[in-house]
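Undergrad: quick one, what's the 3D model for this:
(chains A and B)
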Amino acid sequence: MQKSNLNLKVLWLLVVILVLLILFPAFLPRFYTYILAVIFVTALLAMSLNMVVGHGGLFQFHHGVFYGVGAYAFALMLTKTGLPMWLCFILSPLVAAAVGFLIGWFCVRLTSLYFGMLQISLGSLIWAIAFRWYDLTHGDDGIHGVPIPDWASSTSGAYYFILFFLVLCLIAMYIIHRSPFGMTLQAIRDNPARCSAVGINVRRHQIMAIVIATFFAGVAGVLFVVLEKSVFPDLLFWVLSLEIFIMCLLGGWFTFAGPIVGAAITVALRTFVGIYTEYWTLILGVLLILLIFFLPEGAMGFFVQKFEKSRDKEAALAREQHAES
Amino acid sequence: MLKVENVYKSFDKFLAVSGAELTVEKGELVAVIGPNGAGKTTLFNLITGMLKPDRGRVVFNGEDISKLPPHDICRKGIARSFQIANVFHRLTVFKNVQVAVLSQQRKSSNLFRPAHRMAVEETNRILSSVGLLDKTDRLAGSLSHGDHRILEIAIALGNEPQMLILDEPTAGMSPDETSATMGLIQRLAETHGLTILFCEHDMDVVFNTAQSIMVMHYGKTIIQGKPEDVKNNMEVQEAYLGGADA
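TA: Okay, here's the model as predicted:
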């Protein structure tokens, strides 16, 4: 009873946030609409990473690659082939997932740090291809002026387009998070040996998680192109991978929506502190140190804990009253 | 039901198990005893596929399972608990068992249905049979040591095994907890028709509950037989029981 009340409250809160987000572009200056759209794309990317890092316990160190592959696949398909946009939109995340499967297939044979190191190596290989294959990717110059249909190319058009797919992806991720697959994945994170002892094929499960996560990273890549109409090799560079890793840490590994908070903090810092100094990462670093000391569960994790504590207190109080009467 | 035939396993030239022999008949309660480092845990790891034997065979229901991965062996009907409490710390007690039940029902890869409505009845039945029903919503990491060990067994039951392998189920328990746990294990064996293989340090517990006892020493099987026979065996007394007394 209490729980369903609670869920209703959360649902209302989400609806209010969504309505606000839909109304924002009408009031906000174009620049802020654009920043919000950047946050959406980054948030989706961080969420997809957290599926495997926070919930899957895998050392997915080079997740940016799949974002870049999605973005490049979309840009290349739109510029080099005559395929309609919706088809490119569906195919590009699938390309990212296919690359995710290939790299994941090798990586799950190793554990922890070795997994991460191998992924960085294989991922850097893909970065090198994008960087060196000038004829196809224009190397360091990247591809600019990707033709996006008019209705999605204005800032507010892109904003709504991205918001729509963000919400869609988040719902899908939430369903997966609560499914037996998602629960089993968390069990694997806690204890892979125990999982195989209860009959779970751990490697197959992990590969599946990587494929799903890289698919969503691919979607984020496509949305990036819709917003920016360009791609460049930095999308595949390990620095970006590290950045989204930090976002998950900032927001809280073990919560569902934490990475969104982490992405918002990081993008906001980069945008607003970046105006004053190019050393904005310094502030990010200090923030990270403070966080590890004071909020080891992340920003979102902190609030969830507070929330649960107060709820437990209420429940205890209710029990006491019940016992007295 | 289970037959371990002349199994060897070494780690970096150290022979952990060398020539282990074990026979477990259906419905039996079998104990493996031996001093620390005798190779009991290694033997269990070899049976459940966590390790692959260098030599020898493990036969379960007439089938050689020594080369199968752990999850396939579990599917054949062997579930186990671990010596060091090995649960899913960040999941609730309920989910700990539910993971195993869902795996048994082959639903672990289902992506679309909400898990919290699945396998609820089966999971609750297992939790009530081991007496953890009042702690279902606690995080497994917050349980007491004794409850951890019980949860271990509950997770193993989630697989509806034919055979249960328990690695020191009462390690670190008080005498009261120990007798309660052994009582639980005997009750489970009867009600579920389980075959149970366990290892244990407490000799009273072993000789009171086991129908057959296998003694290991330096990785080798010295004898397997009825409790009386094992007690009267000279070699065992020298290697183990007598040594403890003297």
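Undergrad: got a list of what A:Gly64 touches?
TA: A:45, A:123, A:235-238, A:240-241, A:243-244 (Cβ atoms under 8 Å, 6 or more residues apart in numbering or on different chains). C-beta coordinates here come from the backbone N, C-alpha and C atoms, glycine included.
Undergrad: swap that for A:Phe293, sorry
TA: So A:Phe293 contacts nothing (Cβ under 8 Å, 6+ apart).
Undergrad: cool, B:Leu29 as well?
TA: Applying Cβ under 8 Å, 6+ apart to B:Leu29 gives the contacts B:185-186, B:189, B:195-196, B:198, B:209-212.
Undergrad: confidence score at it?
TA: For B:Leu29, the pLDDT comes out at 91.
Undergrad: also A:Ala316?
TA: Reported pLDDT for A:Ala316: 65.
Undergrad: how close does A:Gly123 sit to chain B?
TA: Remark: distance between A:Gly123 and chain B (Cβ to the nearest Cβ, to the nearest Å) = 26 Å.
Undergrad: same check, this time on A:Leu284
TA: For A:Leu284 relative to chain B (Cβ to the nearest Cβ), the value is 27 Å.
Undergrad: that residue contacts A:Thr266, doesn't it?
TA: Yes: between A:Leu284 and A:Thr266 there is a contact under Cβ atoms under 8 Å: 6.7 Å.
Undergrad: got any residues that touch both of these two?
TA: Residues touching both A:Leu284 and A:Thr266 by Cβ under 8 Å, 6+ apart: A:Ile246.
Undergrad: chain B contacts on the stretch 151-300 of chain A?
TA: Proximity of the stretch 151-300 of chain A to chain B, by Cβ under 8 Å from any Cβ of the partner chain, involves residues A:175-176, A:178-184, A:186-187, A:189-191, A:193-202, A:205, A:208, A:212, A:254.
Undergrad: just the buried ones among those, please.
TA: Neighbour counting by 16 or more other Cβ atoms under 10 Å in any protein chain shown classes A:176, A:178-184, A:186-187, A:189-191, A:194-202, A:205, A:208, A:212, A:254 among those as buried.
Undergrad: phi, psi of A:Ile200?
TA: For A:Ile200, the backbone dihedrals (degrees, to the nearest 10) come out as phi -100, psi 130.
Undergrad: which parts of the chain are strands?
TA: As the question left the chain open, I've gone with chain A. Listed in chain order, the strands of chain A (DSSP state E) span A:143-144, A:230-231.
Undergrad: could you do chain B instead?
TA: Under DSSP E, chain B gives strands at B:2-11, B:14-24, B:29-33, B:55-60, B:63-64, B:78-81, B:163-167, B:195-199, B:212-217, B:220-225.
Undergrad: ok, the last one: who's next to it in the sheet?
TA: Pairing partners of strand B:220-225, with direction, according to DSSP bridges: strand B:212-217 (antiparallel).
Undergrad: who wins for neighbours among the contacts of A:Gly64?
TA: Neighbour counts for the contacts of A:Gly64 (other Cβ atoms under 10 Å in any protein chain shown) peak at A:Leu45, which has 30 neighbours.
Undergrad: list the residues that contact the residue lying closest to it once chain neighbours are set aside.
TA: For A:Leu45, ignoring the flanking residues on the chain, the nearest one in space by Cβ to Cβ, 6 or more residues apart in numbering or on different chains is A:Ala220 at 4.1 Å. By Cβ under 8 Å, 6+ apart, the contact set of A:Ala220 is A:41-42, A:44-45, A:48, A:67, A:70.
Undergrad: hmm, try it at 10 Å
TA: Going by Cβ atoms under 10 Å, 6 or more residues apart in numbering or on different chains, A:Ala220 touches A:40-49, A:66-67, A:70-71, A:93, A:96, A:162, A:165-166, A:169, A:244.
Undergrad: so which of those residues are in helices?
TA: Using DSSP state H, the subset of the contacts of A:Ala220 located in helices is A:40-49, A:66-67, A:70-71, A:93, A:96, A:162, A:165-166, A:169, A:244.
Undergrad: out of those residues, which are buried?
TA: Taking 16+ other Cβ under 10 Å as the criterion, what is buried in the ones in helices among the contacts of A:Ala220 is A:40-49, A:66-67, A:70-71, A:93, A:96, A:162, A:165-166, A:169, A:244.
Undergrad: what is the burial count for A:Arg204?
TA: Residues near A:Arg204, counting by other Cβ under 10 Å, number 13.
Undergrad: could you do B:Phe44 as well?
TA: Residues within reach of B:Phe44, counting by other Cβ under 10 Å, total 23.
Undergrad: which ones are touching A:Ala96?
TA: With contacts defined as Cβ under 10 Å, 6+ apart, A:Ala96 is in contact with A:48, A:65-74, A:211, A:213-222.
Undergrad: where in the chain is pLDDT low?
TA: Answering for chain A, as no chain was given. Low-confidence segments of chain A (pLDDT under 70): A:1-5, A:308, A:311-325.
Undergrad: try chain B instead
TA: B:85, B:239-246.
Undergrad: what is the burial count for the residue nearest to A:Leu49 when sequence neighbours are not counted?
TA: Leaving aside its sequence neighbours, A:Leu49 sits nearest to A:His63 (Cβ to Cβ, 6+ apart; 4.4 Å). Using other Cβ under 10 Å, A:His63 is surrounded by 30 other residues.
Undergrad: ok, A:His63 - contacts?
TA: A:His63 neighbours (Cβ under 10 Å, 6+ apart): A:45-46, A:48-53, A:100, A:119, A:123, A:210, A:213-214, A:217, A:238, A:240-242, A:244-245, A:248.
Undergrad: how close does it sit to chain B?
TA: Taking Cβ to the nearest Cβ as the measure, A:His63 falls 20 Å from chain B.
Undergrad: backbone phi and psi for that residue, please?
TA: Phi and psi for A:His63, reported as degrees, to the nearest 10, are phi -70, psi -30.
Undergrad: contacts only, for A:Phe237.
TA: A:62, A:64-65, A:68, A:123-124, A:127, A:130-131, A:243.
Undergrad: just the buried ones from these, in PyMOL syntax?
TA: To isolate the buried ones among those in PyMOL, judged by 16+ other Cβ under 10 Å, type:
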select buried, chain A and resi 62+64+65+68+123+124+127+130+131+243
